[in-house]
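> Got a sequence here, can you model it:
(one chain, ligands or ions: 1)
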Amino acid sequence: MHHDSADIDTDKRLAAEAAVQEVASGMLVGLGTGSTAAHAIRAIGRLGLDIDAVATSNASADLARSVGIRVRDFADVARVDLTIDGADEIDADFRAIKGAGGAMLREKVVACASRRMIVIADASKRVATIGAAKLPVEVLPFAAAYVADRITGLVRSATWRGEYLTDNGNRVLDCVAGAYHDWEALADAIACIPGVVGHGLFLKQVDAAYIADRGVVTRTERAGLERAAASR
Ligand SMILES: O=C[C@H](O)[C@H](O)[C@H](O)COP(=O)(O)O
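From the prediction side, this is the model:
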């Protein structure tokens with residue numbers, strides 16, 4: 001059956017609406033970035049709960065404020081209760097690739113600060129094993145040529161995302177890793193290059209996923225528990 005972009009956007013919204021049911025008054029909530037996270041931010045706004053939030057991008061901070069969510073400066077925050085964010089790919093081992101929107105560094109920091117991190121997505125993001133999506137690497141502009149040269153030895157291809165700069169003022173190298181056997185080793189090797197500020201491999205941060213497939217949302221926990229969370 002044909003599955004068009006309107007259906008995919010509905011699935012993004014359904015996954016977001018199911019996940020925000022975990023938000024409760026008094027929480028400090030981490031807000032992700034991207035089209036799926038935007039659905040979550042609008043849904044959290046509609047809940048009208050007494051929460052504080054931190055945002056993983058300037059765009060998400062602006063959207064959150066526009067729907068009445070109190071946004072704190074993350075620079076003053078060490079711990080977050082719950083973060084809800086999208087992903088470009090997520091596999092059965094809860095490994096994810098993030099950063100098509102360029103927000104992966106702040107997303108990684110906020111995810112690591114979070115007691116619980118939920119990925120929300122439509123089913124097109126669910127893969128058997130990560131690696132087909134572009135793996136974005138955030139690079140200090142000063143180190144651009146050096147980092148590009150070093151990265152070339154680690155991945156199949158690496159291409160600058162034009163003149164694009166992240167919210168942190170850094171450049172992005174979009175890499176194709178392909179089917180990698182040791183993702184931990186690749187993540188460490190990339191992170192160790194001086195001038196690399198961050199990258200979009202999330203190997204350990206994701207605790208749960210809400211994936212919507214043609215109107216049916218399935219929640220999966222890293223622990224292995226699975227149940228149908230909602231349906232259209
Ligand atoms: O930098 C962007 C983020 O990692 C997004 O969460 C990711 O790209 C997914 O975005 P979307 O929900 O728009 O597909």
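> Using the three-state scheme, assign R116.
Taken by DSSP: H, G, I helix; E, B strand; the rest coil, the conformation at R116 corresponds to strand.
> Next one: it from R79, what distance?
Shown here: R116 relative to R79, a distance of 11 Å by CB to CB, to the nearest Å. All C-beta atoms are positioned from the backbone trio N, CA, C, and that covers glycine.
> neighbour-wise, which of these two wins?
A side-by-side neighbour count of R116 and R79, using other CB atoms under 10 Å, places R116 first with 15 against 8.
> show me what contacts the more buried one?
R116 sits next to E22, D81, L82, T83, D207, A208 when contact means CB atoms under 8 Å, 6 or more residues apart in numbering.
> now the residues you listed in TSV, with pLDDT?
Formatted as TSV, these follow (pLDDT from 0 to 100):
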residue	pLDDT
E22	98
D81	98
L82	98
T83	98
D207	98
A208	98
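> Closest one of those residues to the ligand?
Within these, distances to the ligand taken as CB to the nearest ligand atom reach their minimum at T83, with 10.9 Å.
> okay, now the domains of this protein?
Using automatic domain parsing, the domain parsing of the chain gives 5-125+203-231, 135-199.
> related to what we said a few turns ago, export the contacts of R116 to a markdown table and tack on secondary structure and neighbour count?
Compiled in a markdown table, the contacts of R116 are given as follows (DSSP: H, G, I helix; E, B strand; the rest coil; neighbours: other CB atoms under 10 Å):
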| residue | secondary structure | neighbour count |
| --- | --- | --- |
| E22 | helix | 16 |
| D81 | strand | 18 |
| L82 | strand | 20 |
| T83 | strand | 28 |
| D207 | coil | 18 |
| A208 | strand | 19 |
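> tell me, how many neighbours does I193 end up with?
Residues lying near I193 (other CB under 10 Å) number 19.
> got a list of what it touches?
Shown in contact with I193 (CB under 8 Å, 6+ apart): V147, R150, I151.
> Give me the phi and psi angles of it.
In terms of degrees, to the nearest 10, the main-chain angles of I193 are phi -70, psi 120.
> Which residues of the chain lie near the ligand?
By CB under 6 Å from any ligand atom, the part of the chain that sits against the ligand consists of 32-37, 85-88, 98-104, 107.
> 8 Å instead?
Counting by CB under 8 Å from any ligand atom, the positions of the chain adjacent to the ligand are 12, 32-38, 56-57, 85-88, 98-104, 107, 120-121, 125, 136, 200.
> Weed out the non-buried ones from the residues you listed.
Members of those that pass the buried threshold by neighbour count (16 or more other CB atoms under 10 Å) are listed as 12, 32-34, 36-38, 56-57, 85-88, 98-104, 107, 120-121, 125, 136, 200.
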